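A.B. asks: pasting the structure only:
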């Protein structure tokens with residue numbers, strides 16, 4: 001089955017960009033993938049255009065070959081733009097494979113390890129009272145794990161005040177814990193904003209509130225700095241949404257700098273690369289909790305949360321009624337804080353191209 005056309009659509013998911021790739025074949029089979037990165041969507045779109053000659057005319061069933069061809073033929077070392085573009089290609093190829101065989105992709109990966117996935121939702125707010133109320137509302141809808149970050153009131157500042165950031169994170173953490181009680185897991189997101197010394201201070205002060213993990217306490221560039229943080233706190237650490245291939249995760253996993261790794265399937269090289277990251281992490285007893293917070297990646301992330309060797313939690317969007325519902329013909333809503341198994345073949349969700357094009361604003 002030959003690929004006859006590769007095209008992409010750069011559209012909007014709420015206030016954020018969403019980039020979808022469509023692969024068409026001579027058998028009439030179509031596959032969809034996603035390569036969304038918030039901060040340089042035009043660059044990824046350009047990369048997909050550059051990679052199109054490596055795809056058209058090739059056999060869509062040769063997924064690993066096409067992954068390697070897309071990654072290695074570029075000569076220059078891969079980065080986030082390459083990772084996102086290859087992710088979209090790989091997802092679309094797996095989508096075609098599943099549709100061709102008439103089975104969900106998770107059946108090709110060893111079958112479903114569970115029948116539903118526990119979700120965690122985001123909460124935001126510009127005060128402790130506001131964010132606590134949002135958390136209480138989420139908990140009331142059956143969500144038993146909540147991810148948040150403080151310092152929204154500092155987003156417009158020219159320079160991030162790390163001391164004030166710690167103060168606000170702890171204020172918000174305390175308010176949310178009081179609002180939802182002890183049975184809800186709290187995921188403390190830091191967005192890589194802190195230097196190691198302030199990350200240690202944040203973790204020390206967060207310990208009484210028992211967050212499930214502290215996510216991205218420092219930036220990704222210096223993984224060794226995580227070793228000092230690991231020694232300074234007993235809180236679980238998580239990192240990974242900015243990783244763009246297995247080599248980015250190798251040191252984190254083999255040196256056991258973190259308790260959870262969080263690759264994003266739209267950034268890390270797609271399904272094929274995610275399988276490899278999961279396999280290495282499982283050998284070291286480190287669970288994978290995939291990162292996700294935009295549109296179509298939910299399909300693939302749910303797939304992995306239902307496959308073996310993955311911690312059974314999936315990320316849901318900021319507003320819980322996910323924006324992805326705008327893009328799909330049939331969208332399966334969460335029930336009591338859990339997401340059901342997508343029943344269809346391929347990635348399990350059918351993208352409505354008309355709806356995607358209607359939302360193009362870039």
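C.D. replies: Thanks, I have it. Fair warning: this is a prediction, and the values are worked out from it, not measured in the lab.

A.B. asks: show me the helices in the stretch 51-200 of the chain, by range?
C.D. replies: Here the stretch 51-200 of the chain has its helices, by DSSP state H, counting those that start in this stretch, at 63-72, 80-101, 105-108, 128-140, 162-180, 196-206.

A.B. asks: now do residue 81 against residue 40, distance only.
C.D. replies: Distance, residue 81 to residue 40, using Cβ to Cβ, to the nearest Å: 7 Å. For glycine as for every other residue, the C-beta is placed from the backbone atoms N, C-alpha and C.

A.B. asks: more neighbours: which of these two?
C.D. replies: Using other Cβ atoms under 10 Å, the more surrounded residue of residue 81 and residue 40 is residue 81, with 22 against 14.

A.B. asks: how close does the more buried one sit to residue 248?
C.D. replies: 14 Å.

A.B. asks: residue 276 now?
C.D. replies: Noted for residue 276: a distance of 12 Å to residue 248, by Cβ to Cβ.

A.B. asks: what segments of the stretch 251-362 of the chain are helices?
C.D. replies: Here the stretch 251-362 of the chain has its helices, by DSSP H, counting those that start in this stretch, at 270-283, 297-305, 353-358.

A.B. asks: among the ones you listed, which is the most enclosed?
C.D. replies: Mean neighbours per residue, mean count of other Cβ atoms under 10 Å, is largest over the helices of the stretch 251-362 of the chain for helix 297-305, with a mean of 28.

A.B. asks: what average pLDDT does that one get?
C.D. replies: In this model, helix 297-305 has an average pLDDT of 68.

A.B. asks: ok, now stretch 61-75?
C.D. replies: The average pLDDT within stretch 61-75 is 92.

A.B. asks: next, the buried residues of that stretch.
C.D. replies: By neighbour count on 16 or more other Cβ atoms under 10 Å, the buried set for stretch 61-75 is 63, 66-67, 69-71, 74.

A.B. asks: gap between it and the chain center?
C.D. replies: The chain centre lies 22 Å from the centre of stretch 61-75; the measure is Cα atoms, centre = their mean, to the nearest Å.

A.B. asks: next: stretch 185-198.
C.D. replies: How far stretch 185-198 lies from its chain's middle: 17 Å, per Cα atoms, centre = their mean.

A.B. asks: wait, residue 124 touches residue 134, no?
C.D. replies: Yes: counting by Cβ atoms under 8 Å, residue 124 touches residue 134, with 6.8 Å between them.

A.B. asks: which one's more surrounded, these two?
C.D. replies: Using other Cβ under 10 Å, the more surrounded residue of residue 124 and residue 134 is residue 134, with 21 against 14.

A.B. asks: below-threshold pLDDT in this structure: ranges please.
C.D. replies: Judged by pLDDT under 70, the chain has its weakly predicted residues at 152-157, 293-299, 301-302, 305-309, 311-326, 330-332, 359, 361-362.

A.B. asks: kindly report the domain assignment for it.
C.D. replies: 3-102+352-358, 107-340 (automatic domain parsing).

A.B. asks: adding distance to residue 346, write those out as CSV.
C.D. replies: As requested, the domains of the chain are exported to CSV (distance: least, Cβ to Cβ, whole Å):
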stretch, distance to residue 346
domain 3-102+352-358, 4
domain 107-340, 9
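
A.B. asks: CSV for the buried residues of stretch 61-75, including distance to residue 97?
C.D. replies: Converted to CSV, the buried residues of stretch 61-75 look like this (distance: Cβ to Cβ, whole Å):
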residue, distance to residue 97
63, 7
66, 11
67, 13
69, 17
70, 16
71, 19
74, 24
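
A.B. asks: farthest pair within these?
C.D. replies: 63 and 74 (18.0 Å; Cβ to Cβ).

A.B. asks: that older thread, tell me the most buried of the helices of the stretch 51-200 of the chain?
C.D. replies: helix 80-101 (a mean of 26).

A.B. asks: residue 272 reaches residue 63, doesn't it?
C.D. replies: Yes: using Cβ under 8 Å, residue 272 makes contact with residue 63 at a distance of 6.2 Å.

A.B. asks: mutual contacts of these two, please.
C.D. replies: Residues touching both residue 272 and residue 63 (Cβ atoms under 8 Å, 6 or more residues apart in numbering): 90, 94.

A.B. asks: all good on my end, thank you.
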